[in-house]
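> pasting the sequence and the predicted model now:
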Amino acid sequence: MSAQHDGHAQHAIAAADPRRWWALGAVCVATFMLLLDITVVNVALPDISKDLGAGFGDLQWVIDAYALSLASFTLTMGSLADRYGRRLVFTGGLVVFTLASALCGLATSSLFLILARGLQGVGGAAMFATSLALLAANFSGRERGTAFGLWGATTGGAVAIGPLVGGILVTAVSWQSIFYVNIPVGIAAVAVALTRVPESRNPAAGRVDIPGLVTLVVGLSSLVFALVRGNTEGWSSTVIVTALAVAAVMLVAFVLIELRAREPMLDLRLFRIPSFTGAQVAAFGLSSSMFAMFLYLTLYIQNGLGFSPLEAGVRFLAITLLSFIAAPISGRLSARVPTRWLIGGGLTLVGLGLLAMRGLTADSTWTALLLGFAVAGLGIGLTNPPLASTAVGVVPPWRAGVASGINSTFRQVGIATGTAALGAIFAGRLTPKLDAAFAQAGPAVQRVAAHVPDTVFQSGGSGPFPRGSAGQQAALTAFTGALNDILLVGGVTALVSAALVVVLIHPRDFVPAGAPEAQDAPASVAGTAEPARP
């Protein structure tokens, strides 16, 4: 019997198995946890900086270590799950994620926390890579649509309430609590997975692409290291030049390996489909512009403006809740509006929202960000549903899992490289602005400010000066000036991505639902069905 027929039989058996609802619950809980840890950490960063003495580069790595692990290991974990069992890999991911969460809470130094966050990302990659595969293996027909819908609502809810949950936990307990809360939830999810979730695997699964994994991890890590440390070490220093050279060699090697591999973890042939490429541009553009900006906005709102983590979380609801509300509206519009205009329009709103946040000064209040927050939030909600459907809708159904994994990878690469790149620009712009602002503030301020650039990074513009003092005003003037600069970069990035999406995504690339060629396609992209307008 063929692997495809085995899969059909497996789905039929799963449809009658009452354990499938336990599988849905375990998957939704795990997904909620791992996505919450992407957003919940942002509002804790100022407290982490104070408690662990973390510098600005360390804070970037707290975000990037998690995103890099997710980006690097998601596709590999999917291959492992198909070969050795989806429940096995999913449960292993839960164990690693839960253990790493405990280590994050126990961290006594920034390096310890960064390493624990990287390990947490490895566990998260295993959970994320197997989530949809477990649902597909346990549900069929109309029930599968219901399961995917509940999973989608879970992802949206995690993103929507992440900053608020983080603010409540940090304000009421401590920053460590945002990690400790994962422990009982993780243990319960492991127990359910081991006792209630049926095992499934792909009988035709291939080998794991180890050379691809190694070159991708080394290449991305070297690139992010260079971007984070470039201003500190000097862009022409041996360390940074070497890191950039290693990144270039490893990433080129990764592409060559994937092109020659019989079973690549990143099938580059899919990029022959223009709409598929457009979906990856949109995923990267959204993450590297809006989501990478959260670190800098958080530092400004909490330390620069003096808000508590909870107060900051409430203010971020202007983005996350509007995104959550706009998403189902976008889903309904996709039946009548071409997806390229929905995705392009959403990214345009994100770009305009980031540009609307500009114009900050030392005297600005948080309401100066409100219009931009609202517009960007609507843009995120407008973009995400059609982006997800496009990523899998332009490939045959049997390649949907691979396509979804690639799209998730581009999202995380966008966050990791965007956070580092914006930080590099921010650091380069802040130092001369500090010199100019302190020069205007007078000799007394200049004596205190001789060695404060990193302090200004961490403090969101307050620096070592009392709030309301001339020194604090000067530091905040420089910080908001540099923040305005990277808001411009982020806005332009989103707008350029929007333009590319409109050009690349086209209805003719979408695979018609139910087409015979889509059901029994050969193992190559060239065999996609005759395109038709969806």
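Looks like it came in fine. Numbering: from 1, shown residues only.
> quick one, strands of this protein?
Applying DSSP state E to the chain gives no strands.
> any stretches of it with poor pLDDT?
1-17, 140-141, 144-145, 203-206, 398, 438-439, 441-469, 471, 513-534 (pLDDT under 70).
> okay, domains of it per the record?
1-208, 209-264, 272-514 (automatic domain parsing).
> how about JSON lines for those, with mean neighbour count added?
C-betas here are computed from N, CA, C, even on glycine. Shown next, in JSON lines, are these (neighbours: other C-beta atoms under 10 Å):
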{"stretch": "domain 1-208", "mean neighbour count": "21"}
{"stretch": "domain 209-264", "mean neighbour count": "17"}
{"stretch": "domain 272-514", "mean neighbour count": "21"}
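> contacting residues for the residue lying closest to Leu286 once chain neighbours are set aside?
With sequence-adjacent residues excluded and distances taken as C-beta to C-beta, 6 or more residues apart in numbering, Leu286 is closest to Thr383, at 5.9 Å. Residues near Thr383 by C-beta atoms under 8 Å, 6 or more residues apart in numbering: Ala282, Leu286, Ser330, Leu342, Ile343, Gly346, Leu347, Val350.
> and the contacts of stretch 200-218?
Contacts for stretch 200-218 (C-beta under 8 Å, 6+ apart): 3, 6-7, 10, 14, 68, 72-73, 76, 79-87, 133-134, 137-138, 246, 250-251, 253-254, 257-258, 261-266.
> please compute how far that stretch lies from its chain's middle.
Here stretch 200-218 is found 22 Å from its chain centre; the criterion is C-alpha atoms, centre = their mean, to the nearest Å.
> and stretch 124-132, by the same measure?
For stretch 124-132, the distance to the chain centre is 14 Å (C-alpha atoms, centre = their mean).
> what does it contact?
Outside stretch 124-132, the residues that reach it (C-beta under 8 Å, 6+ apart) are 27, 30-31, 33-34, 37, 66, 69-70, 72-78, 80-81, 86-87, 89-90, 92-94, 96-97, 148, 151, 401, 404-405, 408.
> could you redo the last one with a cut-off of 7 Å?
27, 30-31, 34, 69-70, 73-74, 77-78, 81, 86, 89-90, 92-94, 96-97, 151, 401, 404-405, 408 (C-beta atoms under 7 Å, 6 or more residues apart in numbering).
> picking that back up, as JSON lines, the contacts of Thr383 with distance to Gly167 would be great.
Listed next are the contacts of Thr383 as JSON lines, based on distance: C-beta to C-beta, whole Å:
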{"residue": "Ala282", "distance to Gly167": "29"}
{"residue": "Leu286", "distance to Gly167": "23"}
{"residue": "Ser330", "distance to Gly167": "27"}
{"residue": "Leu342", "distance to Gly167": "31"}
{"residue": "Ile343", "distance to Gly167": "31"}
{"residue": "Gly346", "distance to Gly167": "26"}
{"residue": "Leu347", "distance to Gly167": "28"}
{"residue": "Val350", "distance to Gly167": "23"}
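> what's the closest of those to Asn182?
Among the contacts of Thr383, Leu286 lies closest to Asn182 (C-beta to C-beta), at 25.9 Å.
> next up, the contacts around the closest one.
Leu347, Val350, Thr383, Gly414.
> just confirm the second one contacts Ser287, I think it does.
Right, Val350. No - using C-beta atoms under 7 Å, Val350 makes no contact with Ser287, being 10.6 Å away.
> so Leu295 sits against Val43, correct?
No - between Leu295 and Val43 there is no contact under C-beta under 7 Å: 10.6 Å.
> ok, which stretches of the stretch 251-400 of the chain are helices?
Using DSSP state H, counting those that start in this stretch, the helices of the stretch 251-400 of the chain run over 274-289, 294-299, 309-333, 339-356, 370-393, 400-441.
> by how many degrees do the longest one and helix 370-393 diverge?
An angle of 160 degrees separates the directions of helix 400-441 and helix 370-393 when computed by axes from the mean of the first three to the mean of the last three C-alpha atoms, to 10 degrees.
> how far off centre is helix 400-441?
So, by C-alpha atoms, centre = their mean, the centroid of helix 400-441 is 13 Å from its chain's centroid.
> how far off helix 274-289 does that helix point, in degrees?
Going by the same axes, to 10 degrees, helix 400-441 makes 30 degrees with helix 274-289.
> equivalent analysis for the fifth one, please.
Counting by the same axes, to 10 degrees, helix 370-393 lies at 150 degrees to helix 274-289.
> same thing with the fourth one?
For the pair helix 339-356 and helix 274-289, the angle between their directions (the same axes, to 10 degrees) equals 20 degrees.
> just list what helix 339-356 packs against, helices and strands only.
helix 274-289, helix 370-393, helix 470-504 (3 or more C-beta pairs under 7 Å, 6 or more residues apart in numbering; DSSP states H and E).
> and those as a markdown table, adding distance to Thr431?
Output for these, formatted as a markdown table (distance: least, C-beta to C-beta, whole Å):
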| stretch | distance to Thr431 |
| --- | --- |
| helix 274-289 | 23 |
| helix 370-393 | 26 |
| helix 470-504 | 9 |
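> between the ones you listed, which one is nearest to Thr232?
helix 470-504 (15.7 Å).
> what angle sits between the closest one and helix 339-356?
160 degrees.
> list the contacts for Ser109?
Leu52.
> what distance do you get for the residue nearest to Leu286 to Leu476?
Distance of Thr383 to Leu476, given as C-beta to C-beta, to the nearest Å: 32 Å.
> for the residue sitting nearest the centre point of the chain, give me its contacts.
The chain has Gln412 as the residue nearest its centroid, 4.0 Å off, counting by C-alpha atoms, centre = their mean. By C-beta under 7 Å, 6+ apart, Gln412 lies in contact with Ala67, Leu70, Ala71.
> what's the answer for Val314, then?
Leu164, Gly167.
> over to Gly186?
Here Gly186 is in contact with Met33, Leu94, Phe97, Thr98, Ser101 (C-beta under 7 Å, 6+ apart).
> and these, which two are furthest apart?
The largest separation in the contacts of Gly186, counting by C-beta to C-beta, is between Leu94 and Ser101 at 10.5 Å.
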